[in-house]
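*Asks:* can't give you the sequence, but here's the structure:
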């Protein structure tokens, strides 16, 4: 049996089984991971993989499926995330979010495109690799993790506590489709700004006869300055920008959470803003925080009444990149040519919660899925693209591990 002889119906059925198990992750509100983790473990055992489950963080299992030990070859890690975003407003859906309904070439439902269809494609690729009876010098290791987007919070503790369970020579992020190879991953910093003032009754002077310092007004001034990221010292990277997708050529400062005040006629004591800074490869957490300290010092010098500090939130990560000359890149390109697929373009991205793995080996992005509507109503996977993604991955594993 050829590794690329994947079964379309099997990919559809596996995708449907996974989609019909709720696995929403809503930070601070909802975790649905136990049932989907059990199903993934069963699916990988059924195709012939050795399965272990690591749970360094309660309720956040990492499900790992591996072929036998390497005998002189490399270990290739393939990453997927099994959590989904929230279903959202049911009234906005035309299809049952957990129904996995097939209409023509599409499977509809939450997580079909992001990323359960791709996980099904990878599992089928692994099944075909094993069934081909090809002698493997290397080892395939599939790492299925909880969380969504850049919130794979289980990866960092599993790397710290049981690194051998997830150790690989290179990691392939299988999210999305195979149309590009993302080599460069911008880092991010999540932080909270706190501007302090002195609370009081609106419209009243202080006991010293002065106008109270309103922290909301001061915070607005700070945010207006930070929103224009010319204070960040960064060099543009050739794989970032509109030519390579939706990613900016410059660092990004997004202000996404504001908290201040309790009543319309009361001046608050403080105002807070949570900020997401996306860094280019030329930056680091240390250099970016130094830039932030400098611009805040400038603002304090300009306004002696300004009292502003910040604190780091969790999961900030440095950028990382893989050389375009890495041999896996050539193997991916050759595999695409062999199967008649367009050569994937090289790109960079700001996303990805796999940065913890970059401490152990190179991480690049080559998807196994395809679809549209991730995070939106009527999300769907394209069946023919799941088949192609599975074929490409099966042949790539064969090429890299024999």
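*Replies:* Good, I have the coordinates. Model, not experiment: these values are computed from the prediction. Residues are numbered from 1 along each chain as shown.
*Asks:* Show me where the stretch 251-400 of the chain dips below the pLDDT cut-off.
*Replies:* Scanning the stretch 251-400 of the chain for pLDDT under 70 picks out 350-353.
*Asks:* Please repeat the previous calculation with a cut-off of 90.
*Replies:* 251-252, 261, 265-267, 280-282, 314-321, 345-359, 373 (pLDDT under 90).
*Asks:* in it, which spans are strands?
*Replies:* 252-260, 266-267, 270-278, 307-312, 320-321, 345-349, 363-365, 371-372, 380-382 (DSSP state E, counting those that start in this stretch).
*Asks:* now the helices for the stretch 201-350 of the chain?
*Replies:* Under the criterion DSSP state H, counting those that start in this stretch, the stretch 201-350 of the chain contains helices at 215-227, 285-302, 327-338.
*Asks:* Those helices into CSV, with extra columns for mean neighbour count?
*Replies:* The way it works is simple: take the backbone N, C-alpha and C, and place the C-beta from them, glycine included. Shown next, in CSV, are the helices of the stretch 201-350 of the chain (neighbours: other CB atoms under 10 Å):
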stretch, mean neighbour count
helix 215-227, 17
helix 285-302, 14
helix 327-338, 16
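*Asks:* hmm, back to that, for the strands of the stretch 251-400 of the chain, which one ends up most surrounded?
*Replies:* With neighbours defined as mean count of other CB atoms under 10 Å, the strands of the stretch 251-400 of the chain peak in mean count at strand 380-382, which reaches a mean of 26.
*Asks:* could you say what helices and strands that one packs with?
*Replies:* strand 106-108, strand 371-372 (3 or more CB pairs under 8 Å, 6 or more residues apart in numbering; DSSP states H and E).
*Asks:* Turn these into JSON lines, columns for distance to residue 75.
*Replies:* JSON lines is the format used below for the helices and strands packed on strand 380-382 (distance: least, CB to CB, whole Å):
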{"stretch": "strand 106-108", "distance to residue 75": "31"}
{"stretch": "strand 371-372", "distance to residue 75": "29"}
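*Asks:* right, and those - which one's nearest residue 321?
*Replies:* strand 371-372 (27.1 Å; CB to CB).
*Asks:* Now do residue 20 against residue 98, distance only.
*Replies:* Residue 20 sits 5 Å away from residue 98, going by CB to CB, to the nearest Å.
*Asks:* Can you check which residues contact both of these two?
*Replies:* residue 109 (CB atoms under 8 Å, 6 or more residues apart in numbering).
*Asks:* end-to-end on stretch 202-217?
*Replies:* 13 Å (CA to CA, to the nearest Å).
*Asks:* Please state the mean pLDDT value computed over it.
*Replies:* Across stretch 202-217, pLDDT averages out at 76.
*Asks:* Which residue is the nearest non-sequential neighbour of residue 321?
*Replies:* residue 184 (4.1 Å; CB to CB, 6 or more residues apart in numbering).
*Asks:* Roughly how far does that neighbour sit from residue 233?
*Replies:* For residue 184 relative to residue 233 (CB to CB), the value is 18 Å.
*Asks:* ok, these two, which is more surrounded?
*Replies:* residue 184 (24 against 13; other CB atoms under 10 Å).
*Asks:* and the gap between that one and residue 279?
*Replies:* Counting by CB to CB, the gap from residue 184 to residue 279 is 11 Å.
*Asks:* Any chance you could list residues touching both of these two?
*Replies:* In contact with both residue 184 and residue 279: residue 319, using CB under 8 Å, 6+ apart.
*Asks:* Out of the strands of the stretch 251-400 of the chain, which is closest to residue 158?
*Replies:* Between the strands of the stretch 251-400 of the chain, strand 363-365 lies closest to residue 158; by CB to CB that is 14.8 Å.
*Asks:* Centre of the chain to the closest one, how far?
*Replies:* 11 Å (CA atoms, centre = their mean, to the nearest Å).
*Asks:* Which elements pack onto it?
*Replies:* Checking 3+ CB pairs under 8 Å, 6+ apart, strand 363-365 ends up next to strand 170-173, strand 180-185.
*Asks:* Any chance of JSON lines for those strands, columns distance to residue 335 and mean pLDDT?
*Replies:* JSON lines is the format used below for those (distance: least, CB to CB, whole Å; pLDDT from 0 to 100):
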{"stretch": "strand 170-173", "distance to residue 335": "12", "mean pLDDT": "94"}
{"stretch": "strand 180-185", "distance to residue 335": "11", "mean pLDDT": "88"}
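*Asks:* want to throw those strands into JSON lines with distance to residue 204?
*Replies:* Formatted as JSON lines, those follow (distance: least, CB to CB, whole Å):
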{"stretch": "strand 170-173", "distance to residue 204": "56"}
{"stretch": "strand 180-185", "distance to residue 204": "51"}
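*Asks:* right, and these - which one's nearest residue 402?
*Replies:* strand 170-173 (15.9 Å).
*Asks:* got a list of contacts for that closest one?
*Replies:* 74, 76-79, 143, 182, 326, 328, 352, 354, 357, 360-367.
*Asks:* Likewise for stretch 216-235?
*Replies:* By CB under 8 Å, 6+ apart, stretch 216-235 touches 193, 195, 197, 250-253, 255, 258, 260-261, 268, 271-273, 275, 277, 279-280, 282-283, 287-288, 291-292, 294-296, 299, 303, 305-308.
*Asks:* So which of the helices and strands packed on strand 380-382 is nearest residue 239?
*Replies:* Closest among the helices and strands packed on strand 380-382, once you apply CB to CB, is strand 371-372, at 23.7 Å.
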